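[1] need coordinates for the below:
(one chain, ligands or ions: 2)
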Amino acid sequence: MSYFTIEGRRPLKGEITISGAKNSGLKLMVASLLSKEPLILHNVPNIADIHTMCNLLTTLGKTVTKGADTHSLIIEGPVTSIEAPYDIVSQMRASILVLGPLLARSGEAKVSLPGGCAIGTRPVDLHLKGLEILGAEIELENGYINAKAPRGLAGGRITLPFASVGATENLLMAACLARGTTEIINAAREPEIADLVQCLNAMGARITGEHTGNLTIEGVESLHGAEYSVMPDRIECGTYACAAAITGGDLLLKGGRLLDQEAVMIALQKMGANVSEDEQGLRVSASQNLVGIDLMTEPYPGFPTDMQAQFMALFAVAEGASMITETIFENRFMHVPELNRMGANINIQGRSAIIRGVPRLSGAPVMATDLRASFSLILAGLVAEGTTILNRVYHLDRGYEGVERKLANCGASIKRIEEAA
Ligand SMILES: CC(=O)N[C@H]1[C@@H](OP(=O)(O)OP(=O)(O)OC[C@H]2O[C@@H](n3ccc(=O)[nH]c3=O)[C@H](O)[C@@H]2O)O[C@H](CO)[C@@H](O)[C@@H]1O
Ligand SMILES: C=C(OP(=O)(O)O)C(=O)O
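    Ligands and ions are numbered 1, 2, ... in the order given. From the prediction side, this is the model:
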């Protein structure tokens with residue numbers, strides 16, 4: 001297992017190129033199940049979750065090859081298996097997204113139930129209820145979802161009680177090949193949904209309404225191949241924006257887009273950071289002490305839960321008190337005890353955390369518990385006095401490409417130590 005050592009208190013200055021979005025790239029790869037023709041994807045991030053998705057698609061019969069450059073993939077060929085096995089689904093929850101496309105294409109699917117994870121119980125009831133409205137027959141047995149649509153899927157009107165990102169994506173992909181028209185009311189509006197819609201439309205789907213929360217999908221007989229570039233990762237961009245702010249640095253985040261993350265950038269500005277945008281990307285700097293603010297996580301366009309842990313690190317050293325209310329996942333405060341071990345003063349009250357800013361944090365050995373929690377500890381380590389040792393960095397490798405390279409290029413002292421197994 002590898003770990004990071006970080007020596008803190010160095011302002012970050014320079015440029016970081018933002019990679020393609022994990023939370024879009026994974027779904028675009030799944031869309032390849034809807035056609036046997038090649039789907040050529042560019043700007044695919046080189047991260048563990050993408051490798052896991054390659055593995056899952058290969059298990060289902062697809063051929064995945066590297067494209068013209070290191071961030072391109074070609075996915076093609078027929079689906080030859082309808083089973084997403086437990087050993088892959090348990091590594092990555094996004095695997096559940098193969099359910100809708102497999103049903104639509106093959107009329108049946110067997111997908112392991114993903115179960116909960118460190119941030120919450122994460123049920124998939126909305127995915128299953130929506131597929132039933134489209135005509136699927138679903139049974140749960142031995143930890144698997146067994147789904148059948150012997151007469152194919154048929155369009156329907158699905159109202160989501162909560163704008164679930166994953167349910168929207170699963171139903172959207174299933175509806176592309178259903179007979180007739182499907183409406184998804186109260187669909188998620190995250191930018192990754194629009195990216196998926198654009199890719200599906202490039203493959204011949206007929207989807208409208210991607211920015212409105214109400215999607216209309218006119219089913220088509222078949223989809224064809226396409227070439228598409230994954231959008232930049234707004235969460236990676238927001239994370240490095242926090243790195244600039246917490247270290248009193250100045251970073252150009254190449255490829256970052258304000259449009260995708262206004263709530264995050266407004267929060268940084270309220271705290272005293274400077275944010276500007278030009279044709280290269282976003283520039284974020286801080287020349288004064290940050291001040292605490294209150295935040296609540298919400299579905300897009302609200303403040304994203306995937307940035308909550310990173311802002312917790314910022315608030316830990318900001319002047320005054322801050323409060324974060326987490327409304328999306330019930331257990332997403334696992335980073336709090338670790339930040340407190342570094343000298344932060346954070347109390348959890350139900351779904352809210354009260355953070356009283358402290359003048360300094362001190363380096364300590366800490367343990368990553370999930371992807372974004374891992375980066376909140378890196379941010380704390382970048383501003384702490386002394387050495388921070390971050391264990392279990394495999395969480396981080398799921399979703400951030402080349403963390404230590406990107407940070408070290410901008411002046412951070414961070415090293416990955418590979419421990420023999
Ligand atoms: C791979 C990926 O894109 N992951 C993102 C996706 O996760 P994911 O697609 O899992 O997130 P959802 O929007 O579906 O989940 C949000 C909330 O709804 C609940 N829920 C969801 C589905 C369901 O059938 N029943 C149910 O109760 C979940 O438990 C959670 O509490 O969106 C989240 C919310 O922006 C992000 O934090 C994740 O990074
Ligand atoms: C929660 C996240 O991912 P996943 O849904 O894959 O667990 C995330 O990207 O922060």
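[2] ranges for the helices of the chain?
    22-31, 48-59, 86-89, 99-106, 125-133, 165-176, 191-202, 234-246, 262-271, 308-316, 335-341, 371-383, 394-397, 403-408 (DSSP state H).
[3] quick check: residues of the stretch 1-150 of the chain near ligand 2?
    Neighbours of ligand 2 within the stretch 1-150 of the chain, by Cβ under 6 Å from any ligand atom: N23, R93, A94. Placement of C-beta: from N, CA and C, glycine included.
[4] chain neighbours aside, what residue packs nearest to the last one?
    Going back to what we said before, that points to A94. Take A94 and drop its neighbours on the chain: the residue closest to it by Cβ to Cβ, 6 or more residues apart in numbering is L26, 4.7 Å away.
[5] for ligand 2, what's its nearest residue on this protein.
    Closest residue of the chain to ligand 2, Cβ to the nearest ligand atom: D306 (4.0 Å).
[6] and the spatially closest residue to that residue that is not a sequence neighbour, what does it touch?
    Spatial nearest neighbour of D306, excluding adjacent residues (Cβ to Cβ, 6+ apart): I235 at 4.6 Å. By Cβ atoms under 8 Å, 6 or more residues apart in numbering, I235 lies in contact with A21, K22, N23, P304, D306, M307, R372, G399.
[7] name the residue of the stretch 151-300 of the chain that lies nearest to ligand 1.
    Using Cβ to the nearest ligand atom, the closest approach of the stretch 151-300 of the chain to ligand 1 is made by G166 at 2.8 Å.
[8] for Y3, name its beta-bridge partners.
    Legend: beta-bridge partners of Y3 under DSSP bridges are I417.
[9] quick check, it in contact with T387.
    No: Y3 is beyond contact range of T387, at 11.6 Å (criterion: Cβ atoms under 8 Å).
[10] so who does L153 touch?
    By Cβ under 8 Å, 6+ apart, the contact set of L153 is L103, A104, L131, L134, G135, A136, A174, A175, L177, A178, R179, G219.
[11] the closest residue to N186 other than its chain neighbours and G213: what is the separation?
    Spatially, and ignoring its direct neighbours in sequence, N186 is nearest to L160 (4.5 Å; Cβ to Cβ, 6+ apart). Distance of L160 to G213, given as Cβ to Cβ, to the nearest Å: 9 Å.
[12] quick check: neighbours shared by these two?
    I185, N186, A187, A188.
[13] residues touching the third one, list them.
    Right, the one you point to is A187. By Cβ under 8 Å, 6+ apart, the contact list for A187 reads L160, A163, T168, L172, I193, G209, G213, N214, L215.
[14] who's L39 bridged to?
    I75, A226.
[15] could you check how many residues crowd around it?
    Neighbour count of L39, defined by other Cβ atoms under 10 Å: 27.
[16] can you redo the contacts of L153 as JSON lines with distance to L73 and neighbour count?
    Listed next are the contacts of L153 as JSON lines, based on distance: Cβ to Cβ, whole Å; neighbours: other Cβ atoms under 10 Å:
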{"residue": "L103", "distance to L73": "24", "neighbour count": "30"}
{"residue": "A104", "distance to L73": "22", "neighbour count": "25"}
{"residue": "L131", "distance to L73": "27", "neighbour count": "28"}
{"residue": "L134", "distance to L73": "29", "neighbour count": "24"}
{"residue": "G135", "distance to L73": "32", "neighbour count": "19"}
{"residue": "A136", "distance to L73": "29", "neighbour count": "24"}
{"residue": "A174", "distance to L73": "23", "neighbour count": "30"}
{"residue": "A175", "distance to L73": "25", "neighbour count": "31"}
{"residue": "L177", "distance to L73": "22", "neighbour count": "22"}
{"residue": "A178", "distance to L73": "27", "neighbour count": "24"}
{"residue": "R179", "distance to L73": "31", "neighbour count": "15"}
{"residue": "G219", "distance to L73": "27", "neighbour count": "21"}
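[17] make a markdown table out of those residues and add pLDDT and distance to H51.
    Listed next are the contacts of L153 as a markdown table, based on pLDDT from 0 to 100; distance: Cβ to Cβ, whole Å:
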| residue | pLDDT | distance to H51 |
| --- | --- | --- |
| L103 | 97 | 25 |
| A104 | 97 | 25 |
| L131 | 98 | 28 |
| L134 | 98 | 31 |
| G135 | 98 | 34 |
| A136 | 98 | 30 |
| A174 | 98 | 25 |
| A175 | 98 | 29 |
| L177 | 98 | 28 |
| A178 | 98 | 31 |
| R179 | 98 | 36 |
| G219 | 98 | 32 |
